[in-house]
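**Student:** What would the 3D arrangement of this be:
(one chain, ligands or ions: 1)
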Amino acid sequence: MTYQELFTQISAKKTYLCVGLDTDIRKIPSHLLQEADPVFEFNKQIIDATADYCVSYKPNIAFYEAMGAKGWESLQKTLEYIPATHFTIADAKRGDIGNTSGLYARTFFDPTSSGLDFDSVTVAPYMGSDSVIPFLEYENKWVILLALTSNIGSSDFQRLQVEDSSLYEQVLKISQQWAGADRMMYVVGATQAPEFEKIRTIVPDHFLLVPGVGAQGGDLEEVSRFGMNSHCGLLVNASRSIIYAGNGIDFSQKARQEAFKIQQEMATYLDLYCK
Ligand SMILES: O=C(O)c1cc(=O)[nH]c(=O)n1[C@@H]1O[C@H](COP(=O)(O)O)[C@@H](O)[C@H]1O
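**Tutor:** Residues are numbered from 1 along each chain as shown. Predicted structure coming up:
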């Protein structure tokens, strides 16, 4: 999916919500456990219930890897079920020496090899340019580079001062030599709202993947006010607060209500701040 196609979806549906498919077999409603593939059945019903109100889905790969071969099968079926109109993110936080990154890229971007055909993958910048560039060798695929994450430990390294700015700012500046806003996004946690204005001076055009609203307490209004650009430029992720909004037979209805609530809020912010 291209930058423009993503913005077109956002404008048409008035939402920049990304639903996180962080599906933990130990947390899904018990009536699904009798299904042949409970994780896929759960995801399928969540996707059916929320697709109208979001533009993206982000399965976090840990939740599937934890189940071994069965988990990969559920992941592949889930990815195939997501409508082509929705931007897909493999939240894998990969990155290694170039040769090995090439294999990670093949995993998520080459369906003839792995069966998976994601639009994008999250990548850690710590190992530098040759660990990231192999992901960019796949046409029309995106790298979503970790910049300033939502967790408490983000200040351990990401905020360390390097010359005249913090390490995460250096990541934003240097990585722009590897790809532009048409192929690269950055992760900035919703819990980091005071930093968004500064971040926008460094990367005015890029999309930011913003996790941390809902269960982690980030503020959607603040993120939108300081983070939005003229092409929206935001994909805001919520996982647990949507997919586990209910835990009974009606869990997907509850997820739909939660996604709808966020979409309504987002429609207001698009009118106010997408300028
Ligand atoms: O890359 C991510 O998506 C990510 C980066 C970050 O800084 N913080 C963060 O929470 N995430 C992911 O975003 C999702 C957040 O889930 P919830 O807190 O349940 O909404 C999880 O899959 C996290 O692994």
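
**Student:** Against the ligand, how distant is the residue nearest to Ile28 when sequence neighbours are not counted?
**Tutor:** Excluding its sequence neighbours, the residue lying closest to Ile28 (CB to CB, 6 or more residues apart in numbering) is Phe42, at 4.6 Å. For every residue, glycine as well, the C-beta is placed using N, CA and C. According to CB to the nearest ligand atom, to the nearest Å, Phe42 stands 15 Å off from the ligand.

**Student:** got the contact list for Phe42?
**Tutor:** Thr23, Ile28, Pro29, Leu32, Ile243, Phe251 (CB atoms under 8 Å, 6 or more residues apart in numbering).

**Student:** where does it land on pLDDT?
**Tutor:** Note on Phe42: pLDDT of 98.

**Student:** Tell me which entries of the contacts of Phe42 lie within helices.
**Tutor:** Those of the contacts of Phe42 mapping onto helices are Ile243, Phe251, per DSSP state H.

**Student:** Start from the N-terminal end of the stretch 1-150 of the chain and give the helices.
**Tutor:** Applying DSSP state H, counting those that start in this stretch to the stretch 1-150 of the chain gives helices spanning 3-13, 38-50, 62-65, 69-81, 98-109, 111-114, 129-136.

**Student:** Pull out the buried positions in stretch 202-211.
**Tutor:** Ile202, Val203, His206, Phe207, Leu208, Leu209, Val210, Pro211 (16 or more other CB atoms under 10 Å).

**Student:** Then stretch 157-168?
**Tutor:** Within stretch 157-168, the residues that qualify as buried are Gln158, Ser166, Leu167, Tyr168, counting by 16+ other CB under 10 Å.

**Student:** Now do the phi/psi pair for the closest residue to the third one other than its chain neighbours.
**Tutor:** Read it as Leu167. If the residues on either side of it in the chain are set aside, Leu167 comes closest to Leu160, at 4.9 Å by CB to CB, 6+ apart. Per-residue torsions, Leu160: phi -60, psi 140 (degrees, to the nearest 10).

**Student:** my read: Leu160 touches Ser166, true?
**Tutor:** Yes. Leu160 is within contact range of Ser166, at 6.5 Å (criterion: CB atoms under 8 Å).

**Student:** which residues of the stretch 101-250 of the chain score low on pLDDT?
**Tutor:** For the stretch 101-250 of the chain, no stretch is flagged by pLDDT under 70.

**Student:** in it, which spans are strands?
**Tutor:** 120-123, 142-148, 161-162, 165-166, 184-188, 207-211, 234-238 (DSSP state E, counting those that start in this stretch).

**Student:** closest to Ile10 out of those strands?
**Tutor:** strand 234-238 (8.6 Å; CB to CB).

**Student:** hmm, the closest one in reach of the ligand?
**Tutor:** Yes. Using CB under 6 Å from any ligand atom, strand 234-238 reaches the ligand at Asn237, Ala238.

**Student:** Name the residues of that strand that are buried.
**Tutor:** Neighbour counts using 16+ other CB under 10 Å place Leu234, Leu235, Val236, Asn237, Ala238 of strand 234-238 among the buried residues.

**Student:** and what of stretch 76-90?
**Tutor:** Gln76, Lys77, Thr78, Leu79, Ile82, His86, Phe87, Thr88, Ile89, Ala90.

**Student:** Excluding sequence neighbours, find me the nearest residue to the residue in the stretch 1-150 of the chain that the ligand sits nearest to.
**Tutor:** Here the stretch 1-150 of the chain gets closest to the ligand at one residue, Thr149, 3.1 Å apart by CB to the nearest ligand atom. Spatial nearest neighbour of Thr149, excluding adjacent residues (CB to CB, 6+ apart): Gly189 at 5.2 Å.

**Student:** Over to Glu222?
**Tutor:** The nearest residue in space to Glu222 (CB to CB, 6+ apart) is Ala193, at 3.9 Å.

**Student:** For the one you found, grab the count of nearby residues.
**Tutor:** Ala193: 21 surrounding residues under other CB atoms under 10 Å.

**Student:** Equivalent analysis for the one 4 residues further on, please.
**Tutor:** Per other CB under 10 Å, the neighbour tally for Glu197 reads 11.

**Student:** in terms of contact, does it touch Arg225 like I think?
**Tutor:** No. If you go by CB under 8 Å, Glu197 and Arg225 don't touch, sitting 9.2 Å apart.

**Student:** Which residues of the stretch 151-275 of the chain lie near the ligand?
**Tutor:** 151, 187, 189, 211-212, 214-216, 237-241.

**Student:** Okay then, goodbye and thanks.
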